[in-house]
Structures are given as C-alpha cells and as structure tokens.
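1. have a look at this prediction, sequence included:
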Amino acid sequence: MSDPAPVGCYTHSGYEDDFELLEPTAYTGSGWGPNMQHGGPVSALLTRAMERHLNEGTRITRIAVEILSAVPLSTMRLRSWIKRPGRRIALLQSELQAQDDAGRWRPVAMASAWQLSTRPTQEIAHHADARVPLPSRFDAGGNGSLGAWRMGFVSALEWHIDGPIGQPGVPTMAWLRLAQPVVLGEEPTDLQRVLAMADVANGVGARLDPQHWTFLNTDLSVYLFEPPQGEWFGIQAETSVGHDGIALSSAVLHGAGGPVGRIAQNVLVQPR
C-alpha cells in the first residue's frame, strides 16, 4: 500500500498586496488549546518567508521567533523584508498576521534572522557539545511515549525518543523527522525542517506533568554554528524552572554528523 498523499501544514491561497495568504490545516494544531496553532509550523513558515532574501555565499545563523498571541486556526497573512541590508551581515524579518473578531488584520507572530557570509574554516572548527550518533534504527512512533500529545502538529512529526522522559538532571534525547511539507506542494528546506522541530524542545525537556501544569513558551531562539542538513534531527533538551513561575527550556540541536546548534525558549509556568 502506498503512503497517503501529503496534506501539508499550510496551503497557499493567493496574495494580497505585499502579503502571501495561507490556510492552516489540522497539522498545525497545538496541544494547549482547540483553536491554537503550534509554534513549530508557525516558526517554519516565518523562516520560509525570510529565506527568500538569502544571498549567495551566506546563510541564516540565528532565528528568533516571537509569539505575540495565540495563533488561530484561520487564514494567515505572511510577509518578509530586509531590515538591515549588508554584504557580510544582514538582518531579515518576517511577520504573520491573523484577523481579529472584527475582521481587522493584526500581527500574531514575528521573526528576525541574522544572515552572515560564509568561508572555509575547517582548520579551526570545534564543537563544544559531544556528538550523539544517529540511532541504528528509528522507532518513528516515538517509543510509545507521546501519549495524549500525539495530535495536531505533533502528529506531523516522526519521533524516536532515547532515554528517560521527565527525569530531573537527565536531558531527554529525541530524534525527529518532519513528515509533512510546511506548505503543500513545496519541498521544505533543511532550515525549515529544523525550525519546525525546534519548538518542541519545551515539550521534549519538560519536567512537569501537563495534566497539572501548563508551560507555554513565548519565543524560540535557534543558533546554528553548522548548516543543518538532512531530514532527521536530534533535540537533547532540559528545562530549568525558577521559583516564581518562569522557566528556561534549553537544548542542543544535532544532525547526522554531530551538533549543529542550540535552542533556547522563555517559558511561562502556571497551574491548570
């Protein structure tokens, strides 16, 4: 039996002035609410818009995503621009908008990215984080550990989870593959794949029971000292929770050849 046809996280529905119009599918859904989009596909979509401004001999090395409000499961408007042009260093920005109850467009998420020029530096290359080898075989079902989280965008990912989940002081290692295109009919870039997956670091490294606590991240920052390549990426995540309801989710991002970057998220912790 052949694999079912891809649905995608979004479908393209046209243009309006300087904006691209997109429709979210069920693969964008969040586990935190019935009419909310997960931060993963939102981050990938904002990244996709900024990639259009890349110059030859450069790459995006840091992306910061700000979630301004709950992103609804409704028609989206997307735009991007060059905030700070430059041959060696440039700053890119993108914005995602949705309509409020009165039909007015308002920003719901935005992103910025540093684009830096590249050159060979093999003779001084060094990774501060140890390499974690790819599993010899993947259990793409997540080793049965996802439970109630397997819905919405989480179901658009294939998972392989190594080690304990929720044990303080022991980072959780999850290997992930994006099984749906970001936009239907388009092959996602490796950078889009990484940004889609990176937002799940908060869940991968969570040390709280989601039946009793919510832990929503307000942002996502991804730093890439190596260009991400491939379909499977590893997230080695841990979360530190403070004494006043604030947490920090941090993770090392791995590719097949070794670590490629780091992830950080600001997290609001509240009892249900």
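-> Thanks, I have it. This one's a predicted model, so the numbers in the text were calculated from it and none came from an experiment.
2. in terms of secondary structure, what does the longest helix along the chain contact?
-> Using DSSP state H to define each element, the chain has its longest helix at helix 39-51. Where contact means 3 or more C-beta pairs under 8 Å, 6 or more residues apart in numbering; DSSP states H and E, helix 39-51 is packed against strand 19-24, strand 58-67, strand 76-84, strand 89-99, strand 105-117, helix 190-198. No exception for glycine: its C-beta is placed from N, CA and C like everyone else's.
3. got a markdown table for the ones you listed, with distance to Gln211 too?
-> Below are those laid out as a markdown table (distance: least, C-beta to C-beta, whole Å):
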| stretch | distance to Gln211 |
| --- | --- |
| strand 19-24 | 27 |
| strand 58-67 | 23 |
| strand 76-84 | 31 |
| strand 89-99 | 29 |
| strand 105-117 | 27 |
| helix 190-198 | 25 |
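4. mean neighbour count, those: which tops it?
-> helix 190-198 (a mean of 27; mean count of other C-beta atoms under 10 Å).
5. what's that helix packed up against?
-> Judged by 3+ C-beta pairs under 8 Å, 6+ apart, helix 190-198 is in contact with helix 39-51, strand 58-67, strand 172-178, strand 219-224, strand 232-241, strand 246-255, strand 258-271.
6. the helices and strands packed on helix 39-51: which one's closest to His127?
-> His127 sits nearest to strand 58-67 of all the helices and strands packed on helix 39-51, at 15.2 Å, using C-beta to C-beta.
7. the closest one - what's its average pLDDT?
-> For strand 58-67, mean pLDDT is 98.
8. show me what it is in contact with.
-> 39, 42-43, 46-47, 50-51, 54, 90, 92, 108-118, 191, 195, 199, 217-225, 227 (C-beta atoms under 8 Å, 6 or more residues apart in numbering).
9. direction included, what does it pair up with?
-> Using DSSP bridges, strand 58-67 pairs in its sheet with strand 105-117 (antiparallel), strand 219-224 (antiparallel).
10. picking up where we left off before, winner for burial among the helices and strands packed on helix 190-198?
-> On a mean-neighbour basis (criterion: mean count of other C-beta under 10 Å), the most buried of those is helix 39-51, at a mean of 26.
11. okay, angle between that one and helix 190-198 too, please.
-> 160 degrees (axes from the mean of the first three to the mean of the last three C-alpha atoms, to 10 degrees).
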